[in-house]
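Trainee: Okay, predicted coordinates and the sequence, questions at the end:
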Amino acid sequence: MTVLYRLGDPIGSGVGAYANDGTDATFSKRAGDHHDGMSYFGMSATGTPDANGNTRGLLVLNHENITQAYLHPNGPTTTAGVRPEAEALKEMECHGVSVIEVNRAAAWSYTTASSFNRRITPLTPMSFSGPVRGADSLKTRYSPDATTGRGTINNCANGTMPWHTYLTNEENWVGYFKREVGDAARRAATGPVGVKANTSLTRYGKGESNTGGNYGWSTVTPADTTSTIYSRWNITAQASAPADGTGDFRNEIFQYGWVVEIDPFDAASTPRKRTALGRMNHEGCQIGRTIAGVKPAFYMGDDAQNEYIYKFVSATPWSAADATAANRLAIGDKYLDAGTLYVAKLAADGSGQWLPLVFGQGPLTSANAAYPFSSQVDVLINTRLAADALGATRMDRPEWTAVNPATGEMYCTLTNNSSRTVATADAPNPRAYVDPKTTGGQTTGNANGHIIRLRETGDTSEATTFAWDIYAFGAGSDLDATNINLSGLDATNDFSSPDGLWFGLPSNASGTIAPVMWIETDDGAFTDVTNCMLLASVPGIVNDGGTRTVTNTIGAATGSVTTRVGKAPGAALRRFLVGPKECEITGIHTTPDGRSLFVNIQHPGENGGPTNITSSWPANQAGAVTTPSRPRSATIVITKTDGGVVGL
């Protein structure tokens, strides 16, 4: 195992080594924090995509968030409610995406001064693409014509496109913005458009508060008084500004919540926000199998409690020639800017429907009482409201999606749901229970999560119906086997809160056995037993198990639900590694030959600070350190001593 790329590592010439004491700056040319979703792209000697490039490539990874306390000498500073500009700039630049060139000689390393190296941050220029480009709701002081924006943030999972581009997905973006008390009244005073904006903001969780957002960036008084880098994080409608949003940043929040496409092979290219795929807390966005002449599907989760699973079906059938096209973002235009967005409705009998989110169909009209939709643009900006109107199935935090290349089945991690109750449990989210912790206290709801899978009718990505079951239920091996540990997990494979998910190479050299599915955890319920982990599995197929009746009990409430349970995984599901203290295991990819496995370790020691360092990883990876070192999120590379395929 090699530690490859850590928080603060320089990726440009003239940038010094990382001091790791809070004094470092220039994060526009350093690795960001909280490494997350990740893809490896093989690269030829001439710098073009090489689908068989196993020793030279581009690694692209998300930097979801920050462990703020470790980024500054003594933690963050706030004076009279105002953040210092230098600290806020550093925090912003620690978010976003890294593109780095990596090479394997005796071991893997990254090329510090490669011309391909790039940081994409909340400050990077973006363009909007697809139906919402130019929409009134995207107009801001920075972009009066609603075609451009600045940056991407809270990038969680990812997608690897067959035309060699990277999809990064904006997840928990809402909390970064400030919305002052009184904003709702100002918007309402502008008429129906303002009233609808208030409904939208409420549905996406942006209430009024005089606090400054997650990190108070809007409170900065910049040295350059013309700068709007910080003021854009305050979405309060200004009384002196035009009602259309072109004079302030009331609409800035609507510029977030999208899937963003990046061409890693062109460092000068502008990332594109693909609006046809809807606006939500995007987690993953994985393409299904690509078959010539068939319209490809892209599967997505909306990562919040009681939200939905989606797919987007392109309007354009797949052409294999597009996998080698030189203008990669133009291919993205072709497949990602027009099509149909669907949301999933799952029935208790194991069947399901993809409900089209199309303006004018069903309740998605101006006559809808809860929210009168005005256009397809309105549907896409307010995807959650549209899914509500259609009666889609609320799920236990849909996160990463992955597609089995052998079967075409789509898997989705449902990480957990503390708000799941006995009364709201249903067939696709069947458990509501009490999980006691060995350290005291307990968690309730669906504390350990599960992994659901869907098989499209006719095995085609264009299907509008599907079958589903639950592949595996997270649980400690000591929990009730009748009602909680439904997958029969034991001490070698019990887990909680599945999050990251990805299919690697087949589990034998000939490919006759199903590919390995990698499962990563982001856990709060099972960490009294062990740290977050990576598991490897060889799953079966939808409906390889049967039905099961679960009796849920929380306090005095009790009730039964019948669900569809996949075949018990048994030895086909095994723990592969366990991470350091207080980390999340997230982000995974391999070289094309499967002999190098890249994994991200996010926020080790996240509950500590400069005077209370709770983990010294990765400094202590080779052994104990004499002086505690501030922890750093990092990418590791795993290879086998015999040089073989990892996971075989």
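Mentor: Yep, that arrived. Numbers count the residues shown, from 1 in each chain.
Trainee: Quick check: closest non-adjacent residue to the residue of the chain most remote from its centre.
Mentor: Checked against the mean C-alpha position of the chain, the extreme residue using CA atoms, centre = their mean is Ser240, at a distance of 37.3 Å. Setting aside the residues directly before and after it, Ser240 is nearest to Gly247 in space (CB to CB, 6 or more residues apart in numbering), at 7.5 Å. Backbone N, C-alpha and C define where each C-beta goes, glycine included.
Trainee: helices or strands up against the helix or strand harbouring Val434?
Mentor: Using DSSP states H and E, Val434 falls within strand 433-436. If contacts are counted by 3 or more CB pairs under 8 Å, 6 or more residues apart in numbering; DSSP states H and E, strand 433-436 sits against strand 442-445, strand 546-554.
Trainee: who wins for proximity to Asn600 among those?
Mentor: strand 442-445 (25.3 Å; CB to CB).
Trainee: Walking through the stretch 451-600 of the chain, point out its strands one by one.
Mentor: 465-473, 498-506, 515-521, 533-537, 546-554, 557-565, 573-578, 584-590, 597-602 (DSSP state E, counting those that start in this stretch).
Trainee: between these, which one is nearest to Ala491?
Mentor: Closest among these, using CB to CB: strand 573-578, at 9.1 Å.
Trainee: returning to what we had before: among the helices and strands packed on strand 433-436, show the one with the smallest mean pLDDT.
Mentor: Lowest mean pLDDT of the helices and strands packed on strand 433-436: strand 442-445, a mean of 94.
Trainee: Just the buried residues of that one, please?
Mentor: Buried residues in strand 442-445, counted by 16 or more other CB atoms under 10 Å: Thr443, Thr444, Gly445.
Trainee: want to try a markdown table for the strands of the stretch 451-600 of the chain, with distance to Ala88 as columns?
Mentor: Converted to a markdown table, the strands of the stretch 451-600 of the chain look like this (distance: least, CB to CB, whole Å):
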| stretch | distance to Ala88 |
| --- | --- |
| strand 465-473 | 42 |
| strand 498-506 | 29 |
| strand 515-521 | 31 |
| strand 533-537 | 34 |
| strand 546-554 | 42 |
| strand 557-565 | 46 |
| strand 573-578 | 35 |
| strand 584-590 | 25 |
| strand 597-602 | 22 |
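Trainee: rewinding a little: tell me which element the residue farthest from the centre of the chain is part of?
Mentor: Counting by DSSP H and E, Ser240 is part of no helix or strand.
Trainee: which residues of the protein fall in helices?
Mentor: 68-71, 85-93, 183-188, 192-203, 328-336, 376-381, 383-390 (DSSP state H).
Trainee: export the least confident helix or strand in the chain by mean pLDDT as PDB, just CAs?
Mentor: When each helix and strand of the chain is scored by mean pLDDT, DSSP states H and E, strand 498-506 comes last, with a mean of 91. In PDB, the C-alpha atoms belonging to strand 498-506 read as follows (Å, rounded to 0.1, in the frame of the first residue of the first chain):
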ATOM      1  CA  PRO A 498     -22.800   1.600   3.100                       C
ATOM      2  CA  ASP A 499     -21.900   4.700   1.100                       C
ATOM      3  CA  GLY A 500     -19.300   4.300  -1.700                       C
ATOM      4  CA  LEU A 501     -20.000   1.600  -4.300                       C
ATOM      5  CA  TRP A 502     -18.200   0.500  -7.500                       C
ATOM      6  CA  PHE A 503     -17.800  -2.500  -9.700                       C
ATOM      7  CA  GLY A 504     -14.300  -3.500 -10.600                       C
ATOM      8  CA  LEU A 505     -12.900  -6.300 -12.800                       C
ATOM      9  CA  PRO A 506     -14.300  -9.800 -12.900                       C
END
